[in-house]
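Peer 1: Using only what follows, build the 3D model:
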Amino acid sequence: MKKVFIIHGFNGKPNSGWAPWLMGELSKNDIYACALPMPAPDMPEKSEWIKTINVAVPIPTEEIFLVGHSLGVPTILHYLEGLDQNTKIGGALLVSGPYTQIEKESYEKVNSFIDMPFNFKLIKNVCKNFTIIHGDNDPNVPFSDAEYYSAKLNCNLISIPNGGHLRGGEGWYELPQALEALLKMTKNL
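Peer 2: A predicted model of the protein is given here:
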């Protein structure tokens with residue numbers, strides 16, 4: 001059975017923003033979906049967040065798909081880096097993910113997730129498909145971060161006009177582009 005696991009961002013909650021809508025839409029397509037409650041979202045620890053995915057996905061397969069928002073993006077990339085190179089998952093949808101350090105007070109914990117370069121060769125070896133979605137005017141994460149990830153992962157980048165950081169607090173309670181990208185990934189199996 002195809003399964004989607006959603007990883008929220010810094011200060012996020014598992015069932016906020018567009019996550020509940022996305023889970024409902026995926027369910028209508030016979031795809032199991034759940035949003036993982038990441039530990040201490042206001043004081044995130046990289047190892048604990050990666051462990052949370054490992055617990056939820058004890059046996060990664062090509063029927064597993066990951067969705068990350070904001071800090072969930074580097075969390076997913078670190079998780080993929082750590083998988084056995086004979087493992088394959090179906091795909092990853094990366095939304096509003098930071099790559100460069102965020103120059104804001106109290107973002108030290110966030111920056112610890114992106115303080116070292118990713119091994120994109122390892123990441124692409126274990127994951128079949130990537131799609132990136134990013135607001136063209138994100139106040140927290142520059143659009144150039146999305147362009148960087150898109151180039152390194154050799155994948156489609158979907159720009160959302162006036163999308164901001166694509167979170168519920170900005171009115172994003174549905175994200176049709178995410179559903180479309182996931183349905184396309186799940187059909188590519």
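Peer 1: Need the per-residue pLDDT for the residue minimising distance to the centre of the chain.
Peer 2: Taking C-alpha atoms, centre = their mean, the centroid of the chain lies closest to Gly68, which sits 1.7 Å from it. On the pLDDT scale, Gly68 is placed at 98.
Peer 1: cool, and Leu189?
Peer 2: pLDDT for Leu189: 56.
Peer 1: sorry, back to before: is it fair to say the residue nearest to the centre of the chain lies in a helix?
Peer 2: No: with DSSP: H, G, I helix; E, B strand; the rest coil as the criterion, Gly68 is located in strand rather than a helix.
Peer 1: right, and Met38 touches His8 too?
Peer 2: Yes: taking contacts as C-beta atoms under 8 Å, Met38 lies within contact range of His8: 6.0 Å. No exception for glycine: its C-beta is placed from N, CA and C like everyone else's.
Peer 1: intersection of neighbour lists for these two?
Peer 2: Jointly contacting Met38 and His8 under the rule C-beta atoms under 8 Å, 6 or more residues apart in numbering are 14, 72.
Peer 1: Just want to know which of those two has more residues nearby.
Peer 2: Between Met38 and His8, His8 has the larger neighbour count (other C-beta atoms under 10 Å), namely 25 against 22.
Peer 1: Show me which residues of stretch 129-137 are buried.
Peer 2: Using 16 or more other C-beta atoms under 10 Å as the test for burial, stretch 129-137 gives 129-135.
Peer 1: Need the contact partners of that stretch.
Peer 2: Here stretch 129-137 makes contact (C-beta under 8 Å, 6+ apart) with 90-97, 124, 141, 143, 145-146, 149-150, 153-166, 175, 177-178, 181, 184-185, 188.
Peer 1: Kindly report the same for stretch 77-91.
Peer 2: Stretch 77-91 has contacts (C-beta under 8 Å, 6+ apart) with 2, 46, 50, 53-54, 57, 60-66, 92, 94, 113, 118-119, 122-123, 125-131, 182, 185-186, 188-189.
Peer 1: Give me the subset of those residues lying in strands.
Peer 2: Judged by DSSP state E, the subset of these located in strands is 64-66, 92, 94, 130-131.
Peer 1: Of those - the most surrounded one?
Peer 2: When neighbours are counted by other C-beta under 10 Å, Leu66 leads the ones in strands among the contacts of stretch 77-91 with 29 neighbours.
Peer 1: so that residue touches Phe5, yeah?
Peer 2: Yes: the criterion here is C-beta under 8 Å, and Leu66 meets it with Phe5 at 5.5 Å.
Peer 1: between those two, what contacts are shared?
Peer 2: Residues touching both Leu66 and Phe5 (C-beta under 8 Å, 6+ apart): Ile53.
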